[in-house]
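> Take this sequence and fold it.
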Amino acid sequence: MKKLFVITVFCLLLIGCTSSTEKEEKAVETGDPFLTPYFEIVDALIKNDFKAAQKAGARLNSAEHDDGVTLALTRLGRMISEAPSDYQQRMVLYQMGIVIPLYIEQHVLNDFPIYKFSCNNVLDGKEGVWFSKEIKSGNPFAQENKDACATLVETIKPVTK
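Below you'll find the predicted structure:
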């Protein structure tokens, strides 16, 4: 009976280790479940691609959340996916600019630099903030003249292990 218990515990540990390894491999293959769709939303809005922003918002909405910051990001993803216009998508992106820094600070162990940009006159004169993996970025809040106001503010260096 004792041997059966030891074998059962060993098998459960083995199965548990295998599944977590598979989850880690999947995470490496698919990228960060919150940052990757966020970057796709920014790129889509820079290109004025309403449908691509909706799809990326839907992917962000489907990410598993485990705290208030990730819950807020999934809800903002849903709002982007359901927004009836690119202007409203840009309004949601403006709100994401407030939440994404918290996510990066609390959750991200990036192995690449993340660039923070801002523009002082977006959406009725407010300052808009967005993040990119690229050192040059257009302004996702502008419908036209995308390069006029994109100012690099900060570089978040890769996390070294």
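> Could you use CA atoms for every contact and neighbour count after this?
Will do.
> As CSV, could you dump the C-alpha coordinates of stretch 134-148?
Extracted in CSV, the C-alpha atoms of stretch 134-148 (Å, rounded to 0.1, in the frame of the first residue of the first chain):
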residue,chain,number,x,y,z
GLU,A,134,10.5,49.4,-32.2
ILE,A,135,12.7,52.4,-31.5
LYS,A,136,10.8,54.4,-34.1
SER,A,137,7.1,54.6,-33.9
GLY,A,138,4.3,56.4,-35.6
ASN,A,139,1.5,58.0,-33.5
PRO,A,140,-1.4,55.6,-33.1
PHE,A,141,-3.7,58.4,-32.0
ALA,A,142,-3.3,60.3,-35.2
GLN,A,143,-5.4,59.5,-38.3
GLU,A,144,-2.9,61.3,-40.6
ASN,A,145,0.6,62.7,-40.3
LYS,A,146,1.7,59.9,-38.0
ASP,A,147,5.3,60.9,-37.5
ALA,A,148,4.7,64.6,-36.4
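> Let me see the residues that make contact with that stretch.
Identification of contacts with stretch 134-148 by Cα atoms under 8 Å, 6 or more residues apart in numbering yields 42-43, 45-48, 90, 114-115, 117, 119, 122-123, 128, 149-150, 152.
> Return the distance of it from the chain's centre.
18 Å (Cα atoms, centre = their mean, to the nearest Å).
> Stretch 110-120 too?
Using Cα atoms, centre = their mean, the offset of stretch 110-120 from its chain centre is 12 Å.
> tell me which residues in it are buried?
By neighbour count on 16 or more other Cα atoms under 10 Å, the buried set for stretch 110-120 is Ile114, Tyr115, Lys116, Phe117, Ser118, Cys119.
> Out of those, which sit inside strands?
Counted as lying in strands by DSSP state E, out of the buried residues of stretch 110-120, are Ile114, Tyr115, Lys116, Phe117, Ser118, Cys119.
> Tell me how far the fourth one lies from Gln54.
As defined by Cα to Cα, to the nearest Å, Phe117 lies at a distance of 22 Å from Gln54.
> mind listing what Val99 touches?
When contacts are taken as Cα under 8 Å, 6+ apart, Val99 is in contact with Val69, Ala72, Leu73.
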